[in-house]
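Peer 1: Dropping the sequence and predicted coords here.
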Amino acid sequence: MYKLLIVDDEAVERQALRMIIRQSVENAQIIGEAENGRRAIELAEREHPDLILMDIKMPGIDGVEAVRIIKKRLPDTKFIMISAFDTFEYARQVMQQGVKEYLLKPSPKREIVDAIHRVLKEIETERRVKEEQHQLRTKLQKALDFAQSEWVVSLLMNHLSEENLKEWGEVFDLTMRSAFVMVFSLPESTNKSSYAALEAVLKNADEQILISPMSRFNMPSLVMNPSAPPKAVATSILSHFRARHPDVPLRIGVGTQQWHMNKIALSYRQALIALENTKPDALINCYSDEFFTDREIDFIFQCSQQIIDAMRLGHSGQLIQCFEDFYHQAQQQLGQENKIKRATEELLVLIKHVAADMGIEMKNDEAYRSAQSIDQWRRLALKQIAFIAAHFDDPLPFDVKETMVRAKQHIDEHYFMKNLSLEETAEHVGLSPFYFSKLFKETFHMNYIDYLTQLRIEKAKELIRNPENSLKEICFDVGYRDPNYFSRVFKKVVGISPSEYRKSLITKK
């Protein structure tokens with residue numbers, strides 16, 4: 001139903017217009033009548049009409065001035081100007097205000113009805129376009145959120161090359177000067193409202209925070225280009241969360257601030273270690289890297305990467321060998337017993353988290369902490385590693401290659417779905433997003449998001465070959481919901497835009 005306002009200083013004219021509209025214009029509701037410009041402004045501000053039929057020559061504020069004032073306050077309102085004076089100056093003034101319909105008194109009924117229908121059709125078109133744009137923006141934001149979430153997982157898991165990091169950063173319009181990772185932990189008994197509240201706090205924070213999919217009961221988050229030190233950011237998040245849920249204990253592990261994207265995985269592992277070592281009376285624990293030199297940190301990071309890779313691939317022999325190699329090299333790289341012990345404890349924390357993602361609950365056997373020598377320390381720590389390796393020696397609950405092929409088939413069959421996320425696909429094959437992401441990369445030598453993008457673009461190229469398919473339809477058919485975003489991704493992968501690609505096919509023919 002469209003709301004109409006009639007403005008004319010002559011009562012008989014208002015009555016005639018009211019009768020014509022009620023008899024000949026459907027879906028129109030006359031929400032008021034005004035006898036002058038001032039009254040028209042008051043009614044417009046109160047009722048927000050879609051269309052105003054405005055007389056030009058009125059006492060006090062005339063129609064031209066009233067249009068100017070109302071347009072400024074209600075830019076979407078449309079006008080049909082009605083005047084007994086056929087002068088160019090009047091027409092010119094109202095056209096400057098964006099008025100397109102100008103009727104002379106007395107006008108035939110048919111002319112009035114046709115003018116109203118033209119304007120209402122314009123309003124309908126504008127509403128439809130705005131609704132489509134709103135839906136596109138909403139869908140695009142959801143698609144970007146999914147893709148961005150997967151990009152964050154790849155950063156945390158150290159799955160992206162420097163080149164891919166830069167390219168996807170450009171797609172998401174993200175420029176990293178520095179960043180650090182926080183891992184939030186809520187009790188197992190926490191209900192969904194607490195998780196939703198935490199997400200809301202992170203999204204509304206003053207900082208740019210990218211949220212990763214949940215890993216068991218932990219929520220990793222990446223803070224980009226922080227404006228405050230890591231502890232201050234974590235303290236602010238905790239304060240806002242406790243204002244909503246004062247009785248829910250939220251623990252936060254905070255990694256160190258990094259200045260290179262390929263070090264985000266290091267900050268994530270530090271956040272996990274800090275979270276594990278959070279003291280009972282403290283809800284925030286920030287990792288301190290002052291214990292090790294930069295060279296020692298790089299050594300420990302590389303060793304942890306090899307051990308974690310062996311775990312996720314289910315290689316028991318390689319897992320034990322990597323741990324033995326770490327101890328052998330640690331004596332040369334770290335030297336001091338206290339550093340070797342500290343590095344071992346941190347490795348075991350990471351191993352515990354990875355094992356939990358794989359469904360393996362490690363025993364809380366910390367007898368190695370009381371070891372009297374490095375060799376005894378190594379043997380006791382190795383018992384923990386052997387416990388995990390034993391799970392790999394048993395028949396695995398799934399065949400890695402078969403499971404990944406099944407996941408790939410799921411992607412191939414549902415690539416056109418707008419919400420086909422890494423999380424959804426991982427759930428389809430019964431794995432955690434973190435574990436699935438690593439296995440997918442190891443099996444197919446590319447990231448999930450890269451494979452999905454490549455598949456969609458290849459399907460798009462096939463559809464473009466048919467000249468009857470519009471580029472907008474192709475965009476929707478391959479899983480994108482915004483033609484501009486689709487064009488950007490297509491150009492990034494192919495090197496030219498979809499329209500240029502179509503022209504090149506025609507040229508070849």
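Peer 2: Thanks, I have the structure now. Numbering: from 1, shown residues only.
Peer 1: so where is the stretch 151-300 of the chain shaky, pLDDT-wise?
Peer 2: Within the stretch 151-300 of the chain, the ranges that satisfy pLDDT under 70 run 151, 154, 157-174, 189-192, 213-217, 280-282.
Peer 1: at 90 what do you get?
Peer 2: Screening the stretch 151-300 of the chain residue by residue with the criterion pLDDT under 90, one finds the ranges 151-179, 183-227, 240-251, 256, 258-285, 287-300.
Peer 1: okay, the strand or helix carrying residue 103 in PDB with CA atoms only?
Peer 2: With elements taken from DSSP states H and E, the one containing residue 103 is strand 101-104. Taking Å, rounded to 0.1, in the frame of the first residue of the first chain, the C-alpha atoms of strand 101-104 are listed here in PDB:
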ATOM      1  CA  GLU A 101       5.700  15.000 -13.300                       C
ATOM      2  CA  TYR A 102       4.100  18.400 -13.900                       C
ATOM      3  CA  LEU A 103       0.400  18.600 -14.500                       C
ATOM      4  CA  LEU A 104      -1.700  21.700 -15.500                       C
END
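Peer 1: Name the strands paired with that strand and say parallel or antiparallel.
Peer 2: strand 78-83 (parallel) (DSSP bridges).
Peer 1: Can I get the strand it pairs with in PDB, CA atoms only?
Peer 2: Included here for strand 78-83 are C-alpha records, laid out as PDB according to Å, rounded to 0.1, in the frame of the first residue of the first chain:
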ATOM      1  CA  LYS A  78       8.200  11.500  -4.800                       C
ATOM      2  CA  PHE A  79       6.200  14.500  -6.100                       C
ATOM      3  CA  ILE A  80       3.600  15.300  -8.800                       C
ATOM      4  CA  MET A  81       3.400  19.100  -9.200                       C
ATOM      5  CA  ILE A  82       0.000  20.600 -10.100                       C
ATOM      6  CA  SER A  83      -0.300  24.200 -11.300                       C
END
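Peer 1: average pLDDT for it?
Peer 2: Per-residue pLDDT values over strand 78-83 give a mean of 88.
Peer 1: What spatial separation is found between residue 266 and residue 349?
Peer 2: For residue 266, the distance to residue 349 equals 14 Å [Cβ to Cβ, to the nearest Å]. Backbone N, C-alpha and C define where each C-beta goes, glycine included.
Peer 1: between those two, which one's more packed in?
Peer 2: Set side by side, residue 266 and residue 349 give different neighbour counts by other Cβ atoms under 10 Å, the larger being at residue 266 (23 against 18).
Peer 1: Could you find the closest non-adjacent residue to the more buried one?
Peer 2: Closest residue to residue 266 in three dimensions, ignoring its sequence neighbours and counting by Cβ to Cβ, 6 or more residues apart in numbering: residue 301, at 5.2 Å.
Peer 1: Quick check: next helix or strand after whichever helix or strand the one you found is part of?
Peer 2: Using DSSP H and E, residue 301 sits within helix 294-312. Using DSSP H and E, the helix or strand that directly follows helix 294-312 along the chain is helix 316-333.
Peer 1: ok, and for that next one, which residues are buried?
Peer 2: Residues of helix 316-333 classed as buried by neighbour count (16 or more other Cβ atoms under 10 Å): 316, 318, 319, 320, 322, 323, 326, 327, 330, 333.
Peer 1: Residue 181 belongs to a helix?
Peer 2: No. Under DSSP: H, G, I helix; E, B strand; the rest coil, residue 181 falls outside any helix and is assigned strand.
Peer 1: mind listing what it touches?
Peer 2: Listed by Cβ atoms under 8 Å, 6 or more residues apart in numbering, the contact partners of residue 181 are 156, 220, 221, 222, 223, 254, 255, 264, 267, 268, 270, 271.
Peer 1: 6 Å - rerun?
Peer 2: Shown in contact with residue 181 (Cβ atoms under 6 Å, 6 or more residues apart in numbering): 222, 255, 267, 268, 271.
Peer 1: ranges for the helices of the stretch 1-150 of the chain?
Peer 2: The residue ranges that make up the helices of the stretch 1-150 of the chain, judged by DSSP state H, counting those that start in this stretch, are 11-24, 37-47, 63-73, 88-96, 109-156.
Peer 1: Dump these into a markdown table; add distance to residue 310 as well.
Peer 2: Written out in a markdown table, the entries for the helices of the stretch 1-150 of the chain read as follows (distance: least, Cβ to Cβ, whole Å):
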| stretch | distance to residue 310 |
| --- | --- |
| helix 11-24 | 78 |
| helix 37-47 | 70 |
| helix 63-73 | 67 |
| helix 88-96 | 74 |
| helix 109-156 | 19 |
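Peer 1: least reliable of those going by mean pLDDT?
Peer 2: Confidence, taken as mean pLDDT, is least for helix 88-96 of the helices of the stretch 1-150 of the chain (a mean of 66).
Peer 1: which residues in the protein form strands?
Peer 2: The residue ranges that make up the strands of the chain, judged by DSSP state E, are 2-7, 28-34, 51-55, 78-83, 101-104, 179-185, 208-211, 218-224, 251-254, 284-286.
Peer 1: sorry, back to before: buried sites along the helix holding residue 301?
Peer 2: 296-297, 299-300, 303-312.
Peer 1: could I get it in PDB with only the CA atoms?
Peer 2: Listed in PDB are the C-alpha atoms of helix 294-312, where the atom choice follows Å, rounded to 0.1, in the frame of the first residue of the first chain:
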ATOM      1  CA  ASP A 294      64.500 -15.300  18.200                       C
ATOM      2  CA  ARG A 295      66.600 -18.100  16.700                       C
ATOM      3  CA  GLU A 296      65.500 -20.500  19.500                       C
ATOM      4  CA  ILE A 297      61.900 -19.600  18.900                       C
ATOM      5  CA  ASP A 298      62.200 -20.400  15.200                       C
ATOM      6  CA  PHE A 299      63.800 -23.700  16.000                       C
ATOM      7  CA  ILE A 300      61.000 -24.700  18.400                       C
ATOM      8  CA  PHE A 301      58.400 -23.600  15.900                       C
ATOM      9  CA  GLN A 302      59.800 -25.700  13.100                       C
ATOM     10  CA  CYS A 303      60.100 -28.800  15.400                       C
ATOM     11  CA  SER A 304      56.500 -28.300  16.600                       C
ATOM     12  CA  GLN A 305      55.300 -28.000  13.000                       C
ATOM     13  CA  GLN A 306      57.000 -31.300  12.000                       C
ATOM     14  CA  ILE A 307      55.500 -33.100  15.100                       C
ATOM     15  CA  ILE A 308      52.000 -31.800  14.500                       C
ATOM     16  CA  ASP A 309      52.200 -32.700  10.800                       C
ATOM     17  CA  ALA A 310      53.100 -36.200  11.700                       C
ATOM     18  CA  MET A 311      50.200 -36.400  14.200                       C
ATOM     19  CA  ARG A 312      47.700 -35.100  11.700                       C
END
